Each structure stands twice: as structure tokens, then as C-alpha cells.
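Colleague: Here is the input, now give the coordinates:
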Amino acid sequence: MPQQCSAETEKSSWRARRAEGPAADVPLATLSAREVERSNISTYQQETSRLRKAIVQTGSETKLPERDRAAKIHTLKKQLKTMESKGLEARKRLGTAKDRLVGETICKEWVSANKEQKPRDIIYALEKPQPETLAAAGQGTPILPRPEYEKHSKKMAEMAQDYHNKLQSKGLDRNIDERENAIQNALNNLDAKLTEEQVKAVEKDLSWEDIDTALKLSKNGSSPGINGLTYEFWKSQADACKNDQKTEGSLAFDAVKLLTSAYCDIQNHGIDKTTKFAEGWMCPIYKKGDRNKIENYRPITLLNTDYKIFTKALAMKLAKVCPDVIHPDQAGFMPGRQILEQTRLIRMVVEYAEYTEHNGLLVALDQEKAYDKVAHDYLWRTLQKFGFHEKFIQTIRSLYENAETKVMINGHLSSPFKITRVRQGDPMSCLLFDLAIEPLAAAIRKSELRGIDGIAGVEDKIIANLFADDTTVFLAEDDDFEALQRILDSWCLASTAAFNLAKTQVLPIGSKEYRLRIIADRKNDPTRMEIPHYIHIAAEDEAIRILGAWYGNNLTEETAWPNQIEKIDRALSTWERSNPTMDGRKMIAQMVIGGMTQYLSQVQGMPKNVERKLNKRIRTFLWAEKKQSPINFEILLANKDEGGQEALDIKARNLAIEVMWLKSYFNLKSDRAIWAKIADAIMAHPKSTPATRTEQNVDPNVKTNMFMQSWKTKVSALPETVRRLIKTAKEVRVTLDGMNISQAVRRERPIWYHSDAKPRLRLLNNSRAAQCLRKNHKVRTVGQTENLAKNLDDPAHLPWDECECLHCMEADEKHGCKTPHSCFCKASEMLDALEPKWDPRYASHEDEEDPPNVEQEWSEVNTSITTYGSVGDAIRILARASKVTQPNEVIHRMECTPDEVQVIATVASAARNQGEEEACSATGIIMEMPGCSQKLQYKTPARFGTNEQAAEMYGIIKAVEQADPINL
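Modeller: Here you go, the predicted structure:
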């Protein structure tokens, strides 16, 4: 970063450049913001405002004769009318110009102009809080008096402020000793702690680069806080500084440096309590229910952007360490974890339970105003338990303990109230809440509740699934529901949070008989107490919604789609009013139909009849008033070069979604998704085994993965999600292949029923030695088989089962094997049955690793053809029909001879208007050789494509053509 002038010099320069501005005591950032806003007011608006004021002033002038006053007002009104007319024409011209410029382009202006216009949320009245009174008849039944309503906006704002302030205090009137015990019990469930390196990284002062990155990642168009400064303002100041730095001798005002200095001061000394840095304002947004009740409004808090830049930078630091201390069961706002994996796990558990008749309950918990309930003292102690440095905790305490919020209703602000919970609208609040709820998840995992256990390939019980505050708990049929309730109550006492039991839902899973009994008796075990009556148990054909996906028993594939299709129809009819062109209609279909079905297709899957309905809507919308499509729909989907319109291809999009699920399924590393392991268990389940004698003889204990082994599964009998997975794999021709396979990948594959083995491997599976390998030696992989086979090469080993060499003695003592030599020989025979490409005893021709080039910024082309990593990295789609069974020779790098000259080619590419009809790309090449260099430029021919990748490939081809034979 270039050398900057001091903060004081910057401030002086800033004031000097604005010497003619408003009073100097106004903060500099606010001063600039006001000036920018003034410059954005058009001349017509300024003149119109001046004339209106003049009319009012003239009407109040008593010194002018009435006739002169009336004449002057008449003249001013005439001028005002003329100016308003000119302003209207100017706005029309501006609108036309803007439409020409950004109309029918994917941008905020075009989308906003064609959104369904909803009336502004005006709150006309709020019901006043009323105390309950008892009936005079002595019944003891609470009677609410007739409600009274407040209609004054300022008073309504104060009512809302009082409601949210009191909401924070709920739960604090508990017994102090009981709460202290609850906090201790909650924190004792935590085992994970930050490392020393992580602690230092988090507590370290923020750098200029941290703030610059946080600012760049901040979303434009966000509503500002009370001080009115937007992200765009700060970004414009940062850009202006960078431009000023290019001018030699100029004093650049570095807003990012100023922010960094302020933030570091807060980190080391806390917030000055006289400032309004942590102040925010709350905007109540209507949810559902009675509009006159404040509890039916969602509180959206808007904070100052300078505050959010600070907490965003802190959140970025926090995000780097949280995945190491928060269990994988929690996916909310955690880097590298996805909500889709959580939804797929829930669906797979429901399907597995029904398929295998593994009875239990799915409990979907609902937290009542989750973020607004977690107490500060509990949060600080949780952070301490995780090992965060006191400096970091004090920084957050300073932010939160000085935080105030005002409520705005109909433009009127209430008086401020102190924030004593995890703050809404704060970029850091999501991760802080994840840390705060982790003790609850840990308590559930460590409890005696069984959850869903005993699934082949899944080591731990499946019991908790979280996405921030959305918590799903799985219970076994003999688990005590009251035990779960006690765990929840204890954590709520510690954190002062609360679960909304009226919105908690229970879905029985497992056999149909069990599900019907639960619905009828409300007991998951006849010996247990009933599930409380206020908790809803889903009926047999009823769907419940978790994380945007629908789950239930006996549901049809179309259950989730009617409402979504209705929303799509409404959106398309709104867009229709803008009379878009064919190109515009294509983009609208992509945004509306594609965008509104993307997530639901990912979590639910799209049935074929819904796919057909959406294709019909695309076709109808594209051709507007035409009753029949003038051209075939397949042509519409084709590229423009082929005469098509590149319209949304729902079928291809859905296939791409399923392929991405395949990709997740084939992640065979240590962090493999649990749902994928459940899918394997379903495929290998005895119920899935075909009735043929060959398949019935397969040992279920060695069934690992049907895509890497040769055993079969009864696809038609499988649950829908697994069936769709296998169907997609078949459609895209999934295979396990590679030009050259590393030793590690070869050794990782299952040995039993190896799909790349000769047929005689199956004949070796049922011998006595093979059974010993499976049962006693626990052999499952090729690597384990090779380890045993290598024992035959030991000079001390004798070729009979009574051999007393070290390996044979170990086989007897550790594994109870009485015929070790036979087992070693059988292992060698099994390896002999593998194709050479997959036999780990064959040389793998490992690639030579290129030495890093530290002298120049270029890197040589990676010529590796070897598949490294895990066996999942050898999975290929759209594979060729026949496999190569012999290992390929690796391309070895050739060194230049004394008679040859090495030429270094640097290739760069650029593309413009990608995805549009006028798209084009070009490539630039620098050919460097001893003593000279040559620069070349080429436009990429259309046949190569119009994107940057095509331009790069074309550049490489031209570089090779231009050079003499060189060392590539």
C-alpha cells in the first residue's frame, strides 16, 4: 500500500477543500454525505421547492395590498406549473434514457420497475397492552377487557419500543442459583477450544486490508442506519483515494485508513459512550395475523454502515475459526457448510426410517425470537469457554453494552432502549448465535437419547440437525420426550432463550403402524408420558416445512409445487404489463421461473409433470399473444448460433442439480456427508437385494458402494431420493476411471466385488480363507489386502499355516487367524484378479512435481494425468463406453538440449458481453526467448467460442504455431 499522509493532515486537507461548506463542527463523513445528496437534487426540484416556499411566504405578507399579493401569487403559481411541467418532461426523458440504457438487462433498476407494487407498510393503529382480570363470578377464568387502540404515530413508536425492551427482560427473573447451575451444566458440554494460533489471529488488531476487504464485500443498495451514510458513500471515498494516489504530489484522504484507526481504537479502548456509533433503528415489518398487534411485526434493525463494516471485519476473522469449534451438525452461516446438506439429511432419515421400519420421531423446534433472547452474560461466558481472548470478548462487550435502538413507525422515531441480547442486523450476530446455541446441541448429542443409530457406515448417532436457530431433533421410538424437554428447559434457563412450543411440530417416522399409533396415542413408547397436547403431531398425509423443504408421510411428489406455480403465474402477469421484447421475455423467464424454482428443485426434486407445466409456461410467455409456437420448443432452447434463443431449459437445469447431488455423494473423504452414508446403507440393505441367488450370496458386511463394486441393488424398491440418485448416475454415465491412478487411490477402493476386477474375483469371495479375511482380519480395502499379501515376501515366512514368523504370529494373536499363510495367499490371488490399472503392485508412474517458479510470475502448464486425493476424485461423468485397463504412461518433462532454445509464452485473455449475441473475446501472447521478445494479439474465431477460456485455448494454439519446437 502506498505511503499515506497522517490522519491529521488528511483531515486538514479535507476541511480545506470544503472551506465553503457547512459548519466545521459537523463530522467530516456526514458533511460529505450531505453535499453528495444535495448535488443529487435536480434543478427542477430545487426551483419547484423555492417557488412553493415563495407562494407560502407571499400569502403571509400583510404589508402587500391584497390585489398585489394575489397577482404575485398567481404569477408564482404559473411559474410553478411551468416548472412542474418541465420537471415532468425531464423525468420522462430520464426514464426513457434509463430504459434505453438498462431496460431488459439484469439490473436492479429494471427489476424494481417491474416488481409488483405493494402499498407501503403504514401502521394505522396498535392495540394497547391490557392486564388480565379475573371474572367476577369467581370462576377464576381470565377475561380480557375490550381492546383499546393507539393511533398516534409517535405514541405507537413508544409502545413498540416498550414492547421490545420488555421482551429482552423475559427470563431474567429466574432464581440466580438455578440459572448459574444451568449455565455451568450447559458450558460443561463443550469440549472444543481454539488453538493458540487461532486465539492470536482473532484478537489481533484489524488491518487496512481487513477493512478494505470488508468494505468491498458489503452489499450496495443496503438501507443505511440513523446517520444516513451508505456503503456506496464509503466505497466512493475509498475509490477517490485510490484515484488521488495516482496523481503525484496530491494528498489523498484515505477513508479506509481512518476507519481502521477508529476500529483499532475501539478494539483496544472500547467505544466512547458519548458517541452514537452503535446506535440503530428498528423497522417493524408485518408478518401475519392481526395488523394491530405489535408482536405480529418482524423487527428489522438497521445499523450504521461504519458499525457494520467493523463487525463484518470481525465476523470474517470469526468465520475462519468457528468451523473448528462448532460441530458439523450446525450449518448456519458456517463457511463450507450448506443448508442443502441439512435438508437432504432430514429427507434421507425420513426415507430410511420408513424403508427399514426404524421407528422414531422427527421434532422440528421453533425458537421464539431467537436472537432477541440470548443474554449477554451467557454469551460472554460461552466465548470464554471456547477459549476466545479477553480482548476480543471485551471488544464485542463494548459494542453490545453501548448498543441502543430506536423504533420507527410511520416516520416517527421512539426514544432509544438498551440492547441486552444478540443484536439483529449485525453481521457478527449469526456466528455469535451459532456459538451460543452450540452448548444445547452438545447437550443433546451427549445425552442418553439414542436418536437414529445403528445405520451401517454411520459411526455416530444422528440426533441433532441445526441451521442457526432452526433445530431438528431425531428421537428413537424408546427415547423419552420429557428428557428432551428437560435439556431444552435447562439451556433456556441458562441463555434466557425460549422455544415456541405452540409452533413445535412432531413427525412420526418409521413403519406405518407405528406412525398411526403415535398419532392416536401421542406416545412414542407405551411406557412413557404423552407428548404434550400443545405440540402438533403431523397427520399421515400432512406436510411440515423445515428449512424451506416439505417433509411428511404418504406425500405425493407434487405436494410442494402448487403454491410455487401460483407465485410464478402472478409474477409473470406482473412482468407482462411491461410489454417486453423476445430477449426481455427470455431473461424474465430465467429470473422468475428459473429463480423461483431453483431452491425448491434442489431440496425437493421436480416431478416430470411439474417440469412439463413450467415448460408450457415458458413457451407461452415467450410467444406472448400467439396461440401456437411458431417454431419448435427445442429450437428455442438452442444456442443463437444454431438459430435458437437460449431459453431456460428446465430439464437441463434439473439434471445439473441432480449432478451436483451426485458430486456431493461421491465426496468420499473424511468429511463425507452423513446423508450419502445413509444412501449407501439403503442401497446395501437386505431389502434392496435382488432375489437372484448370486446377489443373495453377497455378504452384506462388505457392501460399501455399489458404484465401486459389482453387486446389484433393486432400484425399483428404493426410496425416491436414492432412486433418483441412481437414475441420474446412469443417465450421465458415471464411472470410476482416470488416465493414471495414484497408489493411494488404488489402495482406497473396496477389494470385495471390485468392479474393475476379472470375473474370477467373485469365485474367490466364498472360500474359507476369504471368510477369514472378512471376519477376522476385517479386510475391506485393496490397501489392506496388499498389506497382507506383502507378508509372503518376508524371507522369514514359511509357506505353510504353521509358520511362526512375526506376521503369522501377529495374525493369530490379534485376529484369531489359524491359517495365516492361506489368508496371505488368498489376498495375493485377489490382487491378481484386479486389472493392472487398479492393481497397487503395478508401478503407477507418479508424476514429477514441477519446481515452483519463484523468479517470475508465470507458471508452466500442468501436465499431470494422475488422479490423486481420494477414490471419489476418480469418478467421471459422461464417460466413454469402454475403459482402459492398462496404466497410461505419464508425460515426463523434457529438458532443453544445448542446441535448443527455450521459449516462454505468456497467454492472457479477455471477453466482452459474455452470454449475449454480440459477445466476443481476444487473446494476447508474449513470446520471450534469450535476447528478444514478441507481442501478439488475436481475436478469437467464433468457432472456438466467445468466453475467456476459449480465448486462452486459442492463444495457446497460436503460441505453439509461432514458436519453433520447444520444451512444453
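Colleague: How many neighbouring residues does the closest residue to Gln949 other than its chain neighbours have?
Modeller: With sequence-adjacent residues excluded and distances taken as CB to CB, 6 or more residues apart in numbering, Gln949 is closest to Ser909, at 7.8 Å. C-beta here means a position set from N, CA and C on the backbone, and glycine is covered the same way. Per other CB atoms under 10 Å, the neighbour tally for Ser909 reads 21.
Colleague: what's the domain layout of the chain?
Modeller: The chain breaks down by automatic domain parsing into domains covering 7-99, 188-227+276-552, 562-656, 904-962.
Colleague: out of those domains, deepest packed?
Modeller: Highest mean neighbour count of the domains of the chain: domain 188-227+276-552, a mean of 19 (counted as mean count of other CB atoms under 10 Å).
Colleague: Now do stretch 255-263, average pLDDT.
Modeller: Per-residue pLDDT values over stretch 255-263 give a mean of 95.
Colleague: if I look at Arg337, how far off is Phe467?
Modeller: 9 Å (CB to CB, to the nearest Å).
Colleague: Mutual contacts of those two, please.
Modeller: Residues touching both Arg337 and Phe467 (CB atoms under 8 Å, 6 or more residues apart in numbering): Gln330, Ala331.
Colleague: that older thread, go through the domains of the chain and name the closest to Asp756.
Modeller: Closest approach to Asp756 among the domains of the chain (CB to CB): domain 188-227+276-552, 21.6 Å.
Colleague: I'd like the distance from that closest one to the chain centre, please.
Modeller: What separates the centre of domain 188-227+276-552 from the centre of its chain is 15 Å, taken as CA atoms, centre = their mean, to the nearest Å.
Colleague: Please apply the same query to stretch 826-837.
Modeller: Distance, centroid of stretch 826-837 to centroid of chain: 44 Å (CA atoms, centre = their mean).
Colleague: For Thr471, see how far away Cys492 is.
Modeller: Applying CB to CB to Cys492 and Thr471 gives a distance of 12 Å.
Colleague: Pro700 too?
Modeller: Taking CB to CB as the measure, Pro700 falls 34 Å from Thr471.
Colleague: so for the one helix or strand Glu813 maps to, what's the average pLDDT?
Modeller: Assigned by DSSP states H and E, Glu813 falls within helix 806-815. For helix 806-815, mean pLDDT is 94.
Colleague: Now do the buried residues in stretch 760-780.
Modeller: 761-762, 764-765, 769-770, 772-774, 776-777, 779-780 (16 or more other CB atoms under 10 Å).
Colleague: Need the max-distance pair from the residues you listed.
Modeller: Arg762 and Asn776 (21.0 Å).
Colleague: So which residue is dead centre in the chain?
Modeller: Gln338 (4.9 Å; CA atoms, centre = their mean).
Colleague: Identify the residue nearest it in space, chain neighbours excluded?
Modeller: That would be Ala331: by CB to CB, 6+ apart, it lies 6.3 Å from Gln338.
Colleague: picking that back up, between the domains of the chain, which has the poorest mean confidence score?
Modeller: domain 7-99 (a mean of 70).
Colleague: Just the strands from the stretch 401-550 of the chain, written as ranges.
Modeller: 404-409, 412-413, 417-418, 464-467, 470-476, 505-509, 536-537, 543-546, 549-552 (DSSP state E, counting those that start in this stretch).
Colleague: can you list the ones you listed in JSON lines and add distance to Met739?
Modeller: Below are the strands of the stretch 401-550 of the chain laid out as JSON lines (distance: least, CB to CB, whole Å):
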{"stretch": "strand 404-409", "distance to Met739": "61"}
{"stretch": "strand 412-413", "distance to Met739": "68"}
{"stretch": "strand 417-418", "distance to Met739": "65"}
{"stretch": "strand 464-467", "distance to Met739": "40"}
{"stretch": "strand 470-476", "distance to Met739": "43"}
{"stretch": "strand 505-509", "distance to Met739": "45"}
{"stretch": "strand 536-537", "distance to Met739": "56"}
{"stretch": "strand 543-546", "distance to Met739": "44"}
{"stretch": "strand 549-552", "distance to Met739": "40"}
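Colleague: Let me know which of these is the nearest to Leu194.
Modeller: Short answer: strand 464-467, nearest of those by CB to CB, at 20.4 Å.
Colleague: Other residues contacting that closest one?
Modeller: For strand 464-467, using CB under 8 Å, 6+ apart, the contacting residues are 329-332, 339, 342, 345-346, 437, 441, 444-445, 451, 471-474, 547.
Colleague: Counting only helices, which of the residues you listed make the cut?
Modeller: Ile339, Gln342, Leu345, Ile346, Ile437, Ala441, Ile444, Arg445 (DSSP state H).
Colleague: Which residue, other than its chain neighbours, is closest to Arg528?
Modeller: Asp480 (5.8 Å).
Colleague: what do you get for Ile925?
Modeller: Ile925 sits nearest to Leu936 (CB to CB, 6+ apart), 4.4 Å away.
Colleague: Contacts for the helix or strand hosting that neighbour, please.
Modeller: Following DSSP H and E, the helix or strand that holds Leu936 is strand 932-939. Applying CB under 8 Å, 6+ apart, the set of residues contacting strand 932-939 from outside is 920-927, 954-955, 958-959, 962.
Colleague: what's near enough to touch Ile271?
Modeller: Counted by CB under 8 Å, 6+ apart, Ile271 has contacts Phe277, Ala278, Ser398, Leu399, Asn402.
Colleague: Ala879 belongs to a helix?
Modeller: No: using DSSP: H, G, I helix; E, B strand; the rest coil, the secondary structure at Ala879 is coil, not a helix.
Colleague: Can you give me the neighbour number for it?
Modeller: So Ala879, with other CB under 10 Å, has 14 neighbours.
Colleague: Any idea what the residue nearest to it when sequence neighbours are not counted is bridged to?
Modeller: Leaving aside its sequence neighbours, Ala879 sits nearest to Thr735 (CB to CB, 6+ apart; 4.1 Å). Taking DSSP bridges as the rule, Thr735 bridges to Arg876.
Colleague: So which elements touch the helix or strand harbouring Gly783?
Modeller: Following DSSP H and E, one finds Gly783 within helix 782-789. Helices and strands touching helix 782-789, by 3 or more CB pairs under 8 Å, 6 or more residues apart in numbering; DSSP states H and E, are helix 743-748, helix 820-832.
Colleague: before we move on, the earlier item: my read: the residue nearest to Ala879 touches Leu878, true?
Modeller: No: applying CB atoms under 8 Å as the test, Thr735 and Leu878 come out as separate, 9.4 Å apart.
Colleague: These two - which one has more neighbours?
Modeller: More neighbours surround Thr735 than the other of Thr735 and Leu878, with 19 against 10 (other CB under 10 Å).
Colleague: which residues sit in contact with Tyr263?
Modeller: So Tyr263 contacts Leu206, Ile211, Phe310, Ala313 (CB under 8 Å, 6+ apart).
Colleague: Now go through the residues you listed and say which are in helices.
Modeller: Those of the contacts of Tyr263 lying in helices (DSSP H): Ile211, Phe310, Ala313.
Colleague: need the contact list for the first one.
Modeller: In this case it means Ile211. Val256, Leu259, Thr260, Tyr263, Ile309, Ala313.
Colleague: Pretty sure the fifth one sits against Lys216.
Modeller: Read it as Ile309. No: using CB under 8 Å, Ile309 is not in contact with Lys216; the gap is 10.2 Å.
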